[in-house]
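[1] based on what follows, work out the 3D shape:
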Amino acid sequence: MSITSLRITNFRNLAAINLAFIPQGISIIDGQNGSGKTNLLEAIYYLGFGRSFRTSFATHLIRYKTDRFSIFAQLISNHAYSMPIGIEKELNDLLRIRIAEKELTNSTELASYLPIRIIHSQSHQLLEAGPLFRRKYLDWGLFYHFEEFLSSWRHYERILKQRNAVLREKCSKKELEPWTREIIKYGLILDQFRRDYVKLLSPIITHITQQLLDINGLEMTYQSGWNESLDYTAVLSNCYQEDCRLGYTQFGPHRADFQVTFNAIPAKHFLSRGQQKLMVCAMILAQGLLLKQVVNKGLIYLIDDLPSEIDTQNRSKLIALLAAQQQAQTFITAIDRNDIAECLDNISQEAVKVFHVEQGCIVEQ
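    Alright, predicted model coming up:
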């Protein structure tokens, strides 16, 4: 799906915005810091996830002295099928979602219609921060690639909470056994999904990384979250006493991780900050390529402040890769449009639109 038109009302400093975009094209949004560039990306992100990537507080998103914001868009598929989508959020936290005249009760279905990935100033956490960020990276892709994944993930999360509650009550191993059987069942399913996805994704990441960074020796290693020399049943049996003492399940897919290395050196120690940003871009572009190849869905890329930490030559490489992706749509912000314009020499001008943001007003240039 691509966004052909977007209407925003009272979202942060965007009081009344009405824009048209090129399906499967590139939109450049320039303006000074604080003008509202990132707010536009945040509104598009909200349209796909039903939440912000910057805050969980509705009061931070709703324009001052108003009681709600709304975001409406017209989507078009690669088969030219058009569909309206809209979100409205009130100060009392009430959220309304509507797709093609149908009211939705949660944001899960919303995400299935509009796959979105964002690259911003905190994206380096994918390499530098804890395993949670990398599990979320994998699980985003699994949501689209395996129909059974979401149900299995929800089952596992529910059973994990119940098993931990039983452990805190210091129950016997026999009383814990029903929850242990269930956590093993869904834990192994979840683990296999992640292994399969990493296997599909790794060669694509390697290929894109070579194009962007011109560095060989990349390896992406998945870690299950327990000692893989033992089966999961034996691991949970062996650590029962310690789990009881701690009051939680120490091992399982909730502890899973993956490591990106270059010639056995972790990427976060091997790469500069600018190279790390390119590495994260490669990892997210790989997800978009795999999504198109396997599921035949196009991805929407949101890239905030692209020029930061990436030189002109590497910006040009990245934009060329984005432009070459079939069915993808890209939104890029920058303080100075010339920082992006100089990277568009080989991109058809018919595929590019430029917008200027000033004090919450957005004008097509």
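
[2] excluding its backbone neighbours, what's nearest Arg68?
    Glu90 (4.4 Å; C-beta to C-beta, 6 or more residues apart in numbering). Any C-beta I mention is one placed from the backbone N, CA and C, and that applies to glycine too.

[3] avg pLDDT for stretch 308-318?
    The average pLDDT within stretch 308-318 is 90.

[4] number of nearby residues for the residue nearest to His124 when sequence neighbours are not counted?
    Counting by C-beta to C-beta, 6+ apart, Gln276 is the residue found nearest to His124 once chain neighbours are left out, at 5.0 Å. A count of neighbours around Gln276, defined by other C-beta atoms under 10 Å, yields 22.

[5] how far away is Gln276 from Gly141?
    Separation of Gln276 from Gly141 (C-beta to C-beta, to the nearest Å): 20 Å.

[6] over to Ala264?
    Using C-beta to C-beta, one gets 25 Å for the distance from Ala264 to Gly141.

[7] still on that earlier bit, and the residue nearest to His124, that's in a helix?
    Yes - assessed with DSSP: H, G, I helix; E, B strand; the rest coil, Gln276 lies in a helix.

[8] can you give me the strands in the stretch 201-350 of the chain?
    218-223, 257-262, 265-266, 300-303, 329-334 (DSSP state E, counting those that start in this stretch).

[9] as JSON lines, those with mean pLDDT, distance to Glu128 and mean neighbour count would be great.
    Output for those, formatted as JSON lines (pLDDT from 0 to 100; distance: least, C-beta to C-beta, whole Å; neighbours: other C-beta atoms under 10 Å):
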{"stretch": "strand 218-223", "mean pLDDT": "94", "distance to Glu128": "16", "mean neighbour count": "16"}
{"stretch": "strand 257-262", "mean pLDDT": "94", "distance to Glu128": "11", "mean neighbour count": "18"}
{"stretch": "strand 265-266", "mean pLDDT": "93", "distance to Glu128": "10", "mean neighbour count": "12"}
{"stretch": "strand 300-303", "mean pLDDT": "96", "distance to Glu128": "19", "mean neighbour count": "24"}
{"stretch": "strand 329-334", "mean pLDDT": "96", "distance to Glu128": "23", "mean neighbour count": "25"}
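
[10] and Val354, which of the ones you listed is closest to it?
    In terms of C-beta to C-beta, the element of the strands of the stretch 201-350 of the chain nearest to Val354 is strand 329-334, at 10.1 Å.

[11] what are the pairing partners of that closest one, and which direction each?
    The pairing partners recorded for strand 329-334 under DSSP bridges are strand 26-30 (parallel), strand 300-303 (parallel).

[12] returning to that earlier point: list the residues that contact the residue nearest to His124.
    When contacts are counted by C-beta atoms under 8 Å, 6 or more residues apart in numbering, Gln276 touches 124, 127-128, 267-268.

[13] and Leu188, what are its phi and psi?
    With angles defined as degrees, to the nearest 10, Leu188 sits at phi -70, psi -40.

[14] still on that earlier bit, now the strands of the stretch 201-350 of the chain as TSV including distance to Asp311?
    Shown next, in TSV, are the strands of the stretch 201-350 of the chain (distance: least, C-beta to C-beta, whole Å):
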stretch	distance to Asp311
strand 218-223	21
strand 257-262	20
strand 265-266	23
strand 300-303	15
strand 329-334	14
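
[15] cool, thanks, signing off.
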